[in-house]
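S.K.: I'd like to go over a predicted model; first the sequence, then the structure.
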Amino acid sequence: MLLGHPLLRRAGLGAAAGLGLLLAFPPYDVWPAAVGGVALLTLAVRGARVGEAAAVGLVAGLAVFVPLLSWTGVELGPAPWLILAAFQAVYVAGLAAGLTLVQRLPGWAWWTACLWVAQEAVRGRWPFEGFTWGRLAFSQADAPTLGLAQLGGAPLVTFVVALAGGWLAWAALQVRDRHPWRAAAGVAAAGLAVGLGLVVPGPATPADTPQATVAVVQGNVPRLGLDFNAQREQVLRNHVTATLELAAQAERGELAAPDLVLWPENSSDIDPYRDADAAGLIHAAARAVGVPILVGAVVATVDGSGVENTGIVWDPVTGPGDTYVKQHPVPFAEYVPLRGLARVVVPEVDELRPRDMVKGTEPGLLQVGPAMVGDVICFEVAYDDVVTDTVRGGAELVAVQTNNATFGFTPQTEQQLAMSRVRAVEHGRAVLVAATSGVSAVVDPDGTVRERAEVFTRAVMVDQVPLLTDLTPATRLGAAPEAALSAIGLLAVVAGLAVRPWRRRAHEDVPAESLTGEQRSRSGPEEVRA
C-alpha cells in the first residue's frame, strides 16, 4: 500500500514533529511540545538517506512555519507568507539531513542538540541578516529551561531543549528494543535537562538597587488593518491624549509621577523634524508630564530618499535630543531588497514601500531621565546581538518599541512578548514593551510579566523597575556559546559522513519491528550509546 511506503511514514512523523514544535509557541504555549517535536523529527530521519531526511525535514518545517508565520500574510497577502515559510522550512530540511548523519555516532543526542543551535545560528543571519522566528528558545518563556538563558543566552536554551528531545528519542528506541531500564534512564535524562534551569539562581536585584518609575503608553490605533498608517495624525494624537491623561492623573495623585515615559514604534509616523504641528503635539505632552518621552518616529533621511525608524528622546524643556536608528529593518517590509523580483510576487510593492528604510549603525543607548535605556525596535528583540550590545554598553533597562497593529489579533504580538521575556532573563534587565495597539507589557528581570495591556485598547502602565548594571554570564559571553555549539554540531556531521559508506545496509529499509534480535544488534552501537 502507498501509505505503507517507508518515506511516507517518515514524512508523517515529520509532520507530527512540526506540529509538535508549533504547539510550543504562543498562542498554544505548550512548552513541553518543543521537546517532543525534536524527538519526533530525530526518530523520523533515523537511518534515512540524506536526501530522504531532507525531504522529511522539509515537511516538518512546513508544518511548523506555515501556521506559525501566518500573521505575515495579513499585510501583503499569502504569497510572501508562504514564500517565507517555505524558505524557513529549507533550513529544517538541512537540519534533518544532518540529524540522520550524526545519529551514526555514539552520544548522538548531544550532537543533535548542537545541530539545532547551528541551524538557528545560520537561519538568524542569512540571507538579508536572517530571520529568527521559531527558535526553540522562544517557546520556553514559561518553562523551567528559561533560567538557563542567563548563562548562555537563547542558544543555550535551544541546546538544552534539543538535548532533552534527543534523549527522549533515544528512550523511545530503547522501548522498541525492550530495554525498559535504558528507556527510563533516557526519560530521566530528558527531565533532568528540562529542569536544570530551576537550580540556576535568578538575576540578583540587591536591596539598594536604584529604581525608576516608568510609564508605558499604548495609545491604540483608529482602526485595524494596513490603512491605519493613512491616519497617522490620529495615532499621534492618541498617544498625546493618553500622556496628557497620565499627567493629569499624576497631578491628582491617582498615579505615581513617572521619571520617564515610553511611547511605541510609529507613535509619530509624521516626521517631527519636518512637521511643526507634530513637534508641537509631542512637546505639549512632554511639558505636561514634565519628564522625557522616548518617542518612536519615522524620520526622513537628510536627502529625503529614504526614511529611518527612530527612537527620539524628547525633553520637556529642550525638545528632541539623542536618537537611536533601527539597525535591523525588516526585508520586504521596511525595505525591499531585490525590488525587481519583489514586483513579480507583489505587484503593488512600490506603492506599499515607495522608500526604503535606512538602517542605523550604533547600539540603542539613550539616557532617558534617570535611566540608561537600551532601545530596540520591534523585530530587533529577536536578534541576540542587538540586545546584547545595548546591555554591554551600559543599558540599565531594555525598551522594546514596537508596532504590531498591522497584524491584528494574530499571535504575532504574543510571540514577540515571549521573546522579550527571554531577553529579560538573558540579560538580567527589566524589559518595557510599548506597542501602538498591544501587547504592551512590563517584564521583570526574571521574565515575569508584571503588567500588560490587551490588544487594541488604550492603556497606560506605571511601574517602578530596577536599574541594574551587573552583567549576566550570557551578556559577557555574547555569541561565544552559540559559536562553540554550532562548530561542534558541524564537526559531528563531518564525522557522521566518515562513519560508514553512503550505501545503506540492506535491512535499513525494513521497519524496526520486523528486525530480528541479531539484526538489531548489528544496526550499530549508536542505538545504545546516545
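M.R.: Yes, it's here.
S.K.: and the gap between Phe332 and Thr132?
M.R.: Separation of Phe332 from Thr132 (C-beta to C-beta, to the nearest Å) stands at 16 Å. Where C-beta positions appear, they are placed from N, C-alpha and C, glycine not excepted.
S.K.: just Leu294 next, same as before
M.R.: Leu294 sits 24 Å away from Thr132, going by C-beta to C-beta.
S.K.: those two: who's more crowded?
M.R.: Ranked by neighbour count (other C-beta atoms under 10 Å), Leu294 and Thr132 place Leu294 first, with 28 against 20.
S.K.: show me what contacts the more buried one?
M.R.: Counting by C-beta atoms under 8 Å, 6 or more residues apart in numbering, Leu294 touches 260-263, 311-314, 366, 368, 373, 375, 399, 401.
S.K.: help me confirm that it is found in a helix?
M.R.: No. Counting by DSSP: H, G, I helix; E, B strand; the rest coil, Leu294 falls outside a helix, being strand.
S.K.: gap between it and Gly447?
M.R.: From Leu294 to Gly447 the distance is 23 Å (C-beta to C-beta).
S.K.: again with Asp322
M.R.: Separation of Asp322 from Gly447 (C-beta to C-beta): 29 Å.
S.K.: ok, now Ala53?
M.R.: Per C-beta to C-beta, Ala53 is found 35 Å from Gly447.
S.K.: give the burial count for the nearest residue to Val400 once chain neighbours are set aside, as a bare number.
M.R.: Distances taken as C-beta to C-beta, 6 or more residues apart in numbering place Val433 nearest to Val400, at 4.6 Å, with adjacent residues excluded. Residues lying near Val433 (other C-beta under 10 Å) number 30.
S.K.: any low-confidence regions in the chain?
M.R.: 1-4, 76, 223-230, 341, 345, 351-352, 500-530 (pLDDT under 70).
S.K.: can you tell me the distance between the two ends of stretch 141-160?
M.R.: 14 Å (C-alpha to C-alpha, to the nearest Å).
S.K.: buried residues in it?
M.R.: 141, 143-160 (16 or more other C-beta atoms under 10 Å).
S.K.: and that stretch, how far out from the chain middle?
M.R.: How far stretch 141-160 lies from its chain's middle: 13 Å, per C-alpha atoms, centre = their mean, to the nearest Å.
S.K.: begin at 26, not 1, for the rest of this chat.
M.R.: Sure, I'll start counting at 26 from here, so that last one is stretch 166-185.
S.K.: which other helices and strands contact the longest helix along the chain?
M.R.: For the chain, the longest helix by residue count, based on DSSP state H, is helix 174-201. With contacts taken as 3 or more C-beta pairs under 8 Å, 6 or more residues apart in numbering; DSSP states H and E, helix 174-201 sits against helix 57-69, helix 133-148, helix 205-220, helix 409-417, helix 437-452, helix 498-502, helix 505-524.
S.K.: between that helix and helix 505-524, how many degrees?
M.R.: Counting by axes from the mean of the first three to the mean of the last three C-alpha atoms, to 10 degrees, helix 174-201 lies at 30 degrees to helix 505-524.
S.K.: now helix 174-201 against helix 133-148, angle please.
M.R.: 130 degrees.
S.K.: chain center to helix 174-201, what's the gap?
M.R.: Put simply, helix 174-201 sits 19 Å off its chain's centre (C-alpha atoms, centre = their mean).
S.K.: likewise for stretch 475-485?
M.R.: Taking mean C-alpha positions (C-alpha atoms, centre = their mean), stretch 475-485 and its chain are 21 Å apart.
S.K.: just the buried residues of that stretch, please?
M.R.: Residues Arg477, Ala478, Val480, Phe481, Arg483, Ala484, Val485 are the ones in stretch 475-485 that count as buried (16+ other C-beta under 10 Å).
S.K.: sec struct for the fourth one, please.
M.R.: In terms of secondary structure, Phe481 is coil; the call rests on three-state DSSP.
S.K.: can you give me the neighbour number for the residue lying closest to it once chain neighbours are set aside?
M.R.: Nearest residue to Phe481, sequence neighbours excluded (C-beta to C-beta, 6+ apart): Ser462, at 5.1 Å. Residues lying near Ser462 (other C-beta under 10 Å) number 30.
S.K.: show me where this structure has strands.
M.R.: Remark: strands assigned in the chain by DSSP state E are 236-243, 285-287, 318-325, 332-340, 344-350, 390-393, 396-402, 422-427, 456-460, 466-468, 474-477, 484-491.
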